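Chemist: okay, predicted coordinates and the sequence, questions at the end:
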Amino acid sequence: MIYSVLVYAIIKLYLILNIYQQSHYQFHFYFKHFLLNFLFYDTFPLIVLIISLTIQNEITTWICSIYLFLFSIFYLLARVKLVFTKRIIRLIIFSFMYFGAIYFIPQANVYILLLLEFTIIPVLVFEQILSKLLNMPYIFKAKKKLADYEGEIIGITGSFGKTSTKQLLNQALNLFYKSNCTKKSYNTPLGISRFINDTNINLYDYLILEFGASHKNDIADLKRIAVPQTVFVTGIGYMHVDTFKNIETIVAEKMSILKGAKIAILNYDCQFIRNYEIKDKITIISYGLEYGDYRALNIEKNSFDFYYKDKFIMSFKTSLVGKHQILNLTGVLAYLTELGVDLEILRRGICSFHTEKNRLELKKINNITILDDSFNSNYQGFVEALFTLKNLAGNRVLLTPGMVELGKYKKELLNNLIEHIVVCADVIILIGYYQTKYLYNLLKEYNKEVYLVRNFMEGYALFWLLVKRANESSLLIENDLPDLYRVGLL
């Protein structure tokens, strides 16, 4: 039976490493996933193992072995595929060494293998310590390289909007200077170090670095590598409440990027930023749609008027979708205006600006309009995407797995979200039974047309069945939770 359990453990290792990678190698989220899924992952395999060890005959062993193998196949169904990085390959090697060691533990070895997601913790801890030691020279190299850099370093942080703002700012600066920015969501010490070490930074007048923060002191860790002279805070909301515990800690962490900077471009539409008491001596450039010195007014689809206080500056037109993207663009325009660039060149250039895919990306398929906002995971962006859906023609369908990491604010925010959903969407397709249970119960009270599906592909297929009954339809794909937040692989 030991060999059958070993095969089972090897297949299960794929799932373990997959979830660990999606957790960004953080034990908190890793443990939470496997504790929530304990009944699904371990109950039946344990029963089968006990039966096999109790009724020790060849037929029972074969039946139990086949069952374990078939059950373990479910572990390969992760929607987010495992990326075989150097770290993952290192973990695989350590895991097989671990398998070899526990093989010689009599009686207990089968249980150790069966509950591998918990018993492998010493391997994960050892590798995490080793990774930190291996990363230190790499981070030190980036820090030293930046110390000799003579250009401007711009740091961008926020609960939402930072990646889009970073890309828009980089495109705007490149109309007048040489600029480069961190790729995708490379906003950790290792991600920023990778960008710095792989780039000839002296070719650029500006380096734009995205500062991510999901824990207290994350910003301080990043500033030990790079100290930005100019900073953007794009917005603060209820992201990562599970780790920050409360909104006050989130605000303090995000706003800590201002310390040591000379210029701060702040989104004053966000009350947490607008009401924050800034004690450091720093030049503030405020922007927004409702508040701030620089504002975008008279917004009609993708065109708007740009104002400084009550003074009209210029009209702009963009291909970006959604008011939140115009808000991001307003912050960029505010900064570029302060730099004194030729706004006419900027006006022409903005027409071709773009952001990452899956960030309220507009797609057309015959008479079907699809708003792909699957990258989004914040409350404010969700609401803005719903308003965009509301203005589209035909039968309006929302496909979403809801939101996570809302902590103690979960019910309050979801109750508020429901008010927008029922007004903006005609049909709601919820993905996953566990994380959308609360949303589902609330929506049923409004007598809305609500469907509950197991996964995205099932929900997407359902949408195409529903559109057959309408001449014109619009679909909003909002948020795409990774497998880390799935329970029972549903």
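Modeler: Yep, that arrived. What you see is a predicted model, and the numbers here were worked out from it, not measured in a lab.
Chemist: tell me where the stretch 251-400 of the chain has strands.
Modeler: Counting by DSSP state E, counting those that start in this stretch, one finds strands in the stretch 251-400 of the chain at the ranges 263-267, 283-288, 294-300, 303-308, 311-317, 361-365, 368-373, 395-400.
Chemist: what do you get for the stretch 1-150 of the chain?
Modeler: Using DSSP E, counting those that start in this stretch, no strands are found in the stretch 1-150 of the chain.
Chemist: save the strands of the stretch 251-400 of the chain as CSV, and put in mean neighbour count too.
Modeler: The C-beta positions use only the backbone N, C-alpha and C, and glycine is treated the same way. Output for the strands of the stretch 251-400 of the chain, formatted as CSV (neighbours: other Cβ atoms under 10 Å):
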stretch, mean neighbour count
strand 263-267, 24
strand 283-288, 19
strand 294-300, 16
strand 303-308, 18
strand 311-317, 13
strand 361-365, 12
strand 368-373, 21
strand 395-400, 24
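Chemist: any idea which of those strands gets closest to residue 41?
Modeler: Across those, residue 41 has its closest neighbour in strand 395-400 (25.7 Å, Cβ to Cβ).
Chemist: outside of the closest one, which residues touch it?
Modeler: 382, 386, 389-390, 421, 424-431, 436, 456, 459-460, 463, 466-467, 469-470, 472-479 (Cβ atoms under 8 Å, 6 or more residues apart in numbering).
Chemist: so what are the domain limits for the chain?
Modeler: The chain breaks down into these domains under automatic domain parsing: 2-129, 149-350, 361-485.
Chemist: TSV for these, including mean pLDDT?
Modeler: Formatted as TSV, those follow (pLDDT from 0 to 100):
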stretch	mean pLDDT
domain 2-129	86
domain 149-350	93
domain 361-485	84
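Chemist: let's have those in TSV, adding distance to residue 138.
Modeler: Putting the domains of the chain into TSV (distance: least, Cβ to Cβ, whole Å) gives the following:
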stretch	distance to residue 138
domain 2-129	11
domain 149-350	6
domain 361-485	26
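Chemist: wait, which of the ones you listed is closest to residue 135?
Modeler: It is, among the domains of the chain and with distance given as Cβ to Cβ, domain 149-350, at 5.7 Å.
Chemist: so how far is that closest one from its chain's centroid?
Modeler: Centre-to-centre, domain 149-350 and its host chain are 18 Å apart (Cα atoms, centre = their mean, to the nearest Å).
Chemist: how far away is residue 2 from residue 109?
Modeler: Going from residue 2 to residue 109 by Cβ to Cβ, to the nearest Å gives 6 Å.
Chemist: distance check, residue 309 against residue 360.
Modeler: From residue 309 to residue 360 the distance is 29 Å (Cβ to Cβ).
Chemist: quick one: contacts for residue 261?
Modeler: Contacts for residue 261 (Cβ under 8 Å, 6+ apart) come out as 155, 228, 229, 230, 231, 282.
Chemist: out of those, who's the most crowded?
Modeler: residue 155 (28 neighbours; other Cβ atoms under 10 Å).
Chemist: roughly how far does the nearest residue to that residue once chain neighbours are set aside sit from residue 315?
Modeler: Leaving aside its sequence neighbours, residue 155 sits nearest to residue 228 (Cβ to Cβ, 6 or more residues apart in numbering; 3.2 Å). Separation of residue 228 from residue 315 (Cβ to Cβ): 31 Å.
Chemist: check residue 142 too.
Modeler: 42 Å.
Chemist: and if you look at residue 325?
Modeler: 17 Å.
Chemist: same question for residue 154.
Modeler: From residue 154 to residue 315 the distance is 26 Å (Cβ to Cβ).
Chemist: equivalent analysis for residue 229, please.
Modeler: 31 Å.
Chemist: between residue 309 and residue 360, which is the more surrounded one?
Modeler: residue 360 (25 against 8).
Chemist: could I get the full set of helices for the stretch 301-450 of the chain?
Modeler: 323-339, 343-350, 379-390, 410-424, 437-445 (DSSP state H, counting those that start in this stretch).
Chemist: reformat these as JSON lines; add distance to residue 63 and mean neighbour count.
Modeler: Listed next are the helices of the stretch 301-450 of the chain as JSON lines, based on distance: least, Cβ to Cβ, whole Å; neighbours: other Cβ atoms under 10 Å:
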{"stretch": "helix 323-339", "distance to residue 63": "56", "mean neighbour count": "23"}
{"stretch": "helix 343-350", "distance to residue 63": "66", "mean neighbour count": "15"}
{"stretch": "helix 379-390", "distance to residue 63": "48", "mean neighbour count": "21"}
{"stretch": "helix 410-424", "distance to residue 63": "44", "mean neighbour count": "16"}
{"stretch": "helix 437-445", "distance to residue 63": "35", "mean neighbour count": "15"}
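Chemist: of all the ones you listed, which lies closest to residue 252?
Modeler: helix 379-390 (19.3 Å).
Chemist: elements contacting that closest one?
Modeler: helix 323-339, strand 368-373, strand 395-400, helix 410-424, strand 473-478 (3 or more Cβ pairs under 8 Å, 6 or more residues apart in numbering; DSSP states H and E).
Chemist: which residues are contacting it?
Modeler: 160-161, 235, 237-238, 321-324, 360, 371, 373, 376, 396, 398, 400, 403, 406, 413, 416-417, 420-421, 423-425, 474, 476, 478-479.
Chemist: distance of the residue of the chain positioned farthest from its centre from residue 7?
Modeler: Distance from the centre of the chain peaks at residue 57, with 50.1 Å (Cα atoms, centre = their mean). Per Cβ to Cβ, residue 57 is found 20 Å from residue 7.
Chemist: kindly report the same for residue 53.
Modeler: 17 Å.
Chemist: re the thing from before, so which of the domains of the chain gets nearest residue 137?
Modeler: Among the domains of the chain, domain 149-350 sits nearest to residue 137 (Cβ to Cβ), with 10.0 Å.
Chemist: correct me, but residue 367 touches residue 473?
Modeler: Yes. Using Cβ atoms under 8 Å, residue 367 and residue 473 qualify as a contacting pair, with a distance of 7.3 Å.
Chemist: so between these two, which is more surrounded?
Modeler: Applying other Cβ under 10 Å to residue 367 and residue 473 shows that residue 473 carries more neighbours, namely 24 against 13.
Chemist: got the contact list for that one?
Modeler: For residue 473, the contacting residues are 367, 368, 369, 394, 395, 396, 397, 463, 466, 467, by Cβ under 8 Å, 6+ apart.
Chemist: ok, longest helix in this protein?
Modeler: With secondary structure taken from DSSP state H, the chain has its longest helix at helix 121-147.
Chemist: for it, packing partners?
Modeler: helix 86-102, helix 189-197.
Chemist: want to throw these into TSV with mean neighbour count and distance to residue 270?
Modeler: TSV is the format used below for these (neighbours: other Cβ atoms under 10 Å; distance: least, Cβ to Cβ, whole Å):
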stretch	mean neighbour count	distance to residue 270
helix 86-102	15	35
helix 189-197	19	24
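Chemist: how about the ones you listed in JSON lines, adding distance to residue 80?
Modeler: Below are the helices and strands packed on helix 121-147 laid out as JSON lines (distance: least, Cβ to Cβ, whole Å):
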{"stretch": "helix 86-102", "distance to residue 80": "13"}
{"stretch": "helix 189-197", "distance to residue 80": "18"}
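Chemist: which among those is found nearest to residue 39?
Modeler: Checked against Cβ to Cβ, the stretch from the helices and strands packed on helix 121-147 lying closest is helix 86-102, at 24.3 Å.
Chemist: show residues contacting that closest one.
Modeler: 6, 9-10, 13, 17, 20-21, 25, 82, 109, 112-113, 119-120, 122-124, 126-127, 130-131.
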